[in-house]
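What follows is a predicted protein model with its sequence.
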Amino acid sequence: MSEKNRHSVSEELLFRYFMNEVSPDEEDRVISWKAESEENLNEFERVRIFFLDAKAIKSIGNTAANYDVSIAWKKFQQHNEVPKSISSSWLKVAASILVILGAGWYTYVSNKVETIELVAQNEQQSIELEDGSKIALNEGSQLIYPDQFKGDKRKVKLKGEAYFEVAHNPEQPFLIATDEVEVQVLGTKFNVNNTNKDSVVVSVDSGKVRMSVGGKEEILTAGYRGVYYRSTELLIKIETAKTGMHNYWRTKTLAFKGATVSEAIAAIQKVYGIRVALSHPDIANCKINVDFEDEEIEHVLEIIGETLNLVWSNQGDSYLLAGYGCPQ
């Protein structure tokens, strides 16, 4: 390689480039240098061809400890034409590096962790992580996770909303990080909603999780949710509404388990994008036990009406539930 070209791309850098051991900046430098001239391109190809051939040297000798570079180099020269532009001393160094890397390559690869980014652009997506944990990702959400969990923690990062079924492993807690909030769990089922501008909501279906932010934390168990308000930096723990609303995006089911009519109407209005009014305030405190799975709004109101002795009607831009209170 000419002295001029050494200033931008060295032989050592090219060697590391072919081993996929360069930084993004170094990779850009090699690509730019290669495109500068035909001379650079030819040099790049000559070194690349040598690199591909030289990998065969690794098979000569059993380990790096008993490997004789001089003998290996002579054997290589007998079967390969060495590019004139590459110094013999450098090629010997390259050969020895290949052997050393070859001896430890398996260890390196087996310990290398790849970061994966999953984006649910136009539809929900479900994945199973290498530890057996299952995650459902809501539309428009993003999950960043490793291809394998190393160390004493299992950590992922969430933007948006996802439902987690975490495989139990008390020796390696599972961590979910949002912009501010961190959720730690040993093994449980819960939903994390980070889609709202002013809040992060963690709703637990089973097990126990720790929700923490800025030195504050709450322990959440089944039937409870933690809410962090960004504007006030307030973290609170409250009982989850008995509507199944936090899972609707995934299950398409409204599960009213002892929910009040007021709670049921709030969920219905959010799911169906409509307004429902009550003719009498006492109706709001009536309780209802019924499930709706992807039903038409008219059928939902019909069932609620029959259950509570109410009459529903379409008011044009809204619906009305009429009656005098809860059935005796």
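The structure has been received and is ready for your questions.

for the stretch 201-328 of the chain, what spans make up the helices?
All helices of the stretch 201-328 of the chain, identified by DSSP state H, counting those that start in this stretch, fall at 248-251, 261-272, 297-308.

Kindly reformat these as CSV containing mean neighbour count.
All C-beta atoms are positioned from the backbone trio N, CA, C, and that covers glycine. As requested, the helices of the stretch 201-328 of the chain are exported to CSV (neighbours: other CB atoms under 10 Å):
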stretch, mean neighbour count
helix 248-251, 17
helix 261-272, 19
helix 297-308, 16
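
Of the ones you listed, which is nearest Lys153?
The closest of the helices of the stretch 201-328 of the chain to Lys153 is helix 248-251. By CB to CB, the value is 25.8 Å.

gap between that closest one and the chain center?
19 Å (CA atoms, centre = their mean, to the nearest Å).

likewise stretch 198-206?
Remark: stretch 198-206 is offset 17 Å from the chain centroid, using CA atoms, centre = their mean.

List the buried residues in that stretch.
For stretch 198-206, the neighbour count (16 or more other CB atoms under 10 Å) marks 200-205 as buried.

now, among those residues, which is nearest to Phe190?
Closest to Phe190, out of all of the buried residues of stretch 198-206 and judged by CB to CB, is Val204, at 4.4 Å.

who are the neighbours in contact with that closest one?
188-190, 220-225, 240 (CB atoms under 8 Å, 6 or more residues apart in numbering).

Can you check the pLDDT for it?
Val204 carries a pLDDT value of 95.

secondary structure element for the most centrally placed residue in the chain?
Note on the chain: the residue nearest the mean C-alpha position is Leu143, at 2.3 Å, using CA atoms, centre = their mean. Using DSSP states H and E, Leu143 maps to strand 142-146.

what helices or strands is that strand leaning on?
If you count contacts as 3 or more CB pairs under 8 Å, 6 or more residues apart in numbering; DSSP states H and E, strand 142-146 packs onto strand 115-119, strand 154-159.

what comes up buried for it?
Buried residues in strand 142-146, counted by 16+ other CB under 10 Å: 142-143, 145-146.

Where does pLDDT dip in the stretch 101-250 of the chain?
Low-confidence segments of the stretch 101-250 of the chain, defined by pLDDT under 70: 101-112.

As a check, name the ranges of all strands in it.
Assigned by DSSP state E, counting those that start in this stretch, the stretch 101-250 of the chain shows strands spanning 115-119, 125-128, 134-137, 142-146, 154-159, 161-165, 174-177, 182-185, 189-193, 199-206, 208-213, 216-221, 224-229, 234-239.

quick one on the thing from earlier: can you list contacts of the strand holding Leu143?
So strand 142-146 is contacted by 113-120, 127, 129, 135, 137, 155-160, 162 (CB under 8 Å, 6+ apart).

and Leu137, how many neighbours?
Residues lying near Leu137 (other CB atoms under 10 Å) number 22.

can you give me phi and psi for the nearest residue to it once chain neighbours are set aside?
Distances taken as CB to CB, 6 or more residues apart in numbering place Ala120 nearest to Leu137, at 4.4 Å, with adjacent residues excluded. Phi and psi for Ala120, reported as degrees, to the nearest 10, are phi -90, psi 90.

quick one: Ala120 and Phe50, what's the gap?
Noted for Ala120: a distance of 45 Å to Phe50, by CB to CB, to the nearest Å.

wait, what's in contact with the nearest residue to Glu26 once chain neighbours are set aside?
Nearest residue to Glu26 in three dimensions, chain neighbours excluded: Leu13, at 6.3 Å (CB to CB, 6+ apart). Contacts here follow CB under 8 Å, 6+ apart; on that basis Leu13 touches 22, 26, 29-30.

Double-check that Leu13 belongs to a strand.
No: applying DSSP: H, G, I helix; E, B strand; the rest coil, one finds Leu13 to be helix, outside a strand.

From Ser32, how far off is it?
Distance, Leu13 to Ser32, using CB to CB: 12 Å.

With Ser133 instead?
Counting by CB to CB, the gap from Ser133 to Ser32 is 42 Å.

same question, Ile268
From Ile268 to Ser32 the distance is 59 Å (CB to CB).

same check, this time on Tyr272
56 Å.

cool, and Gln142?
31 Å.

circling back: what subset of the contacts of strand 142-146 is buried?
120, 129, 135, 137, 155-160, 162.

What is the nearest of those residues to Met211?
The closest of the buried ones among the contacts of strand 142-146, once distances to Met211 are taken by CB to CB, is Leu158, at 13.0 Å.

how close does the nearest residue to Gly323 once chain neighbours are set aside get to Tyr324?
Leaving aside its sequence neighbours, Gly323 sits nearest to Leu310 (CB to CB, 6+ apart; 4.0 Å). Leu310 sits at a distance of 9 Å from Tyr324 (criterion: CB to CB).
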